[in-house]
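Trainee: Compute the structure for the input listed below.
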Amino acid sequence: MDINLQIQELEQNVWEERFYPLLKNKIDCLENAIEKIIEYEKKHGKKERLEEMQSIANQKLATYKIDFEKSPEVQLKENKVALENEYDEAQKDIIRTRMMNNYISMKDFETAYTVGMELLSWCHLDVWWLMNVLIEKKAIKESKIKETQNLYLEHFKKFKDNSYLWNSLLPVFMLDPNQVSISYIDEVFKISNSNEVEKDNVNWNDIGIMYFEKNAFDKAIESYLKAAEQLKLSEKDSSSNLAIYYGNISEAYLELKEYDTAISYAEKGIEIEFDNRTLIELKLTALCKNSQSDMANQFKNEISRELPQLQESLEEVIIKHSGR
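Mentor: Model (predicted):
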């Protein structure tokens with residue numbers, strides 16, 4: 001079945017839970033933003049722009065005023081293309097409204113005004129969210145997987161900061177990793193380094209997983225290291241994610257048989273999450289494969305005293321990897 005037909009079939013299923021409410025929310029957000037802009041104009045004496053702004057606002061609201069008395073089925077039939085486009089705008093406008101409110105609370109009125117005016121301008125129209133839904137519903141199969149992966153890369157090149165595309169990075173790849181070449185992943189890597197991309201959006205860990213799945217372990221490590229560095233530079237409290245990234249690096253070094261380095265990164269992760277079973281098993285595996293059986297048993301005993309529930313699984317790791 002053609003992907004466009006799949007999209008059409010799926011639209012009705014997602015309408016009530018995601019589509020229709022968000023459009024109504026968009027109208028509420030726009031009206032709220034317009035009120036704040038008018039309030040700002042009056043308070044700060046920018047009356048020369050007020051008339052123009054109100055004209056733009058009224059045009060936008062006239063465009064967005066959907067007849068909510070009609071059933072979703074009727075509205076979808078009558079306004080299919082317009083409503084698809086509006087969904088993506090709605091999400092962006094909601095984010096802008098939140099930003100605007102934040103700037104107002106910080107008394108940064110000029111920036112708040114700029115963001116508010118952006119609410120009244122046309123956004124990039126994209127319906128990639130439908131493909132996300134198709135992936136979630138496991139509606140893409142067989143011959144359409146390759147087509148979807150190519151479509152993803154085509155969109156990704158054009159719309160590098162589209163959040164739906166970034167969130168689809170790994171799911172699209174995992175539809176069938178065998179159909180994705182290293183050069184495809186290299187292209188995503190190149191895009192991720194582009195100056196046109198908001199660096200906070202880049203999913204370096206996902207890119208690392210893609211490389212790992214293709215046995216490109218050196219490139220996987222490079223991507224994982226970028227993910228870790230990105231997280232350190234951010235102000236987010238995401239130590240658990242950092243532990244995961246260190247574990248991924250450790251696993252890649254295991255595949256390269258660089259056991260000392262694998263141990264080192266596993267230990268970095270354990271310092272963050274001492275009870276992380278994956279990290280513990282990675283370190284134990286690396287010790288066994290590095291012919292450090294005494295240290296492996298000592299480490300197993302130390303962990304078993306602290307986390308007795310892991311004792312059995314750690315013994316299995318030693319049995320599996322000893323002598324290799």
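Trainee: can we go C-alpha only for contacts and neighbour counts from here?
Mentor: Fine.
Trainee: For the stretch 101-250 of the chain, which segments count as helices?
Mentor: Applying DSSP state H, counting those that start in this stretch to the stretch 101-250 of the chain gives helices spanning 109-118, 128-136, 144-158, 163-174, 182-192, 204-213, 217-233, 239-255.
Trainee: can you pull the buried residues of the fourth one?
Mentor: Translated: helix 163-174. Using 16 or more other Cα atoms under 10 Å as the test for burial, helix 163-174 gives Y164, L165, W166, N167, S168, L169, L170, P171, V172, F173, M174.
Trainee: related to what we said a few turns ago, what's the closest of the helices of the stretch 101-250 of the chain to Q298?
Mentor: Nearest of the helices of the stretch 101-250 of the chain to Q298, taken as Cα to Cα: helix 239-255 at 20.0 Å.
Trainee: re the thing from before, with distance to E255 and pLDDT added, can I get the buried residues of helix 163-174 in JSON lines?
Mentor: Shown next, in JSON lines, are those (distance: Cα to Cα, whole Å; pLDDT from 0 to 100):
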{"residue": "Y164", "distance to E255": "32", "pLDDT": "65"}
{"residue": "L165", "distance to E255": "30", "pLDDT": "74"}
{"residue": "W166", "distance to E255": "27", "pLDDT": "80"}
{"residue": "N167", "distance to E255": "27", "pLDDT": "78"}
{"residue": "S168", "distance to E255": "27", "pLDDT": "80"}
{"residue": "L169", "distance to E255": "24", "pLDDT": "86"}
{"residue": "L170", "distance to E255": "21", "pLDDT": "90"}
{"residue": "P171", "distance to E255": "23", "pLDDT": "87"}
{"residue": "V172", "distance to E255": "25", "pLDDT": "87"}
{"residue": "F173", "distance to E255": "21", "pLDDT": "91"}
{"residue": "M174", "distance to E255": "20", "pLDDT": "90"}
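Trainee: Dump these to TSV, plus distance to I280.
Mentor: Putting these into TSV (distance: Cα to Cα, whole Å) gives the following:
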residue	distance to I280
Y164	34
L165	34
W166	31
N167	29
S168	30
L169	29
L170	26
P171	28
V172	30
F173	29
M174	27
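Trainee: Find the pair from those with maximum spatial separation.
Mentor: Maximum distance among the buried residues of helix 163-174 (Cα to Cα): 15.9 Å, for Y164 and M174.
Trainee: circling back to that earlier point, the helices of the stretch 101-250 of the chain: lowest mean pLDDT?
Mentor: Among these, helix 128-136 has the lowest mean pLDDT, at a mean of 59.
Trainee: K214: what's it in contact with?
Mentor: P177, I182 (Cα atoms under 8 Å, 6 or more residues apart in numbering).
Trainee: rewinding a little: out of the buried residues of helix 163-174, which is nearest to Y246?
Mentor: L170 (18.8 Å).
Trainee: what's the closest non-adjacent residue to that closest one?
Mentor: Closest residue to L170 apart from its sequence neighbours, by Cα to Cα, 6 or more residues apart in numbering: D206 at 5.7 Å.
Trainee: Same check on E222?
Mentor: Closest to E222 by Cα to Cα, 6+ apart is G208, at 7.5 Å.
Trainee: Any idea how many residues pack against that neighbour?
Mentor: 30 (other Cα atoms under 10 Å).
Trainee: I'd like to check which residues are in contact with it.
Mentor: K219, A220, I221, E222, S223, Y224 are the contacts of G208 under Cα under 8 Å, 6+ apart.
Trainee: roughly how far apart are the closest residue to the third one other than its chain neighbours and E35?
Mentor: In other words, I221. Distances taken as Cα to Cα, 6+ apart place I249 nearest to I221, at 5.6 Å, with adjacent residues excluded. Taking Cα to Cα, to the nearest Å as the measure, I249 falls 50 Å from E35.
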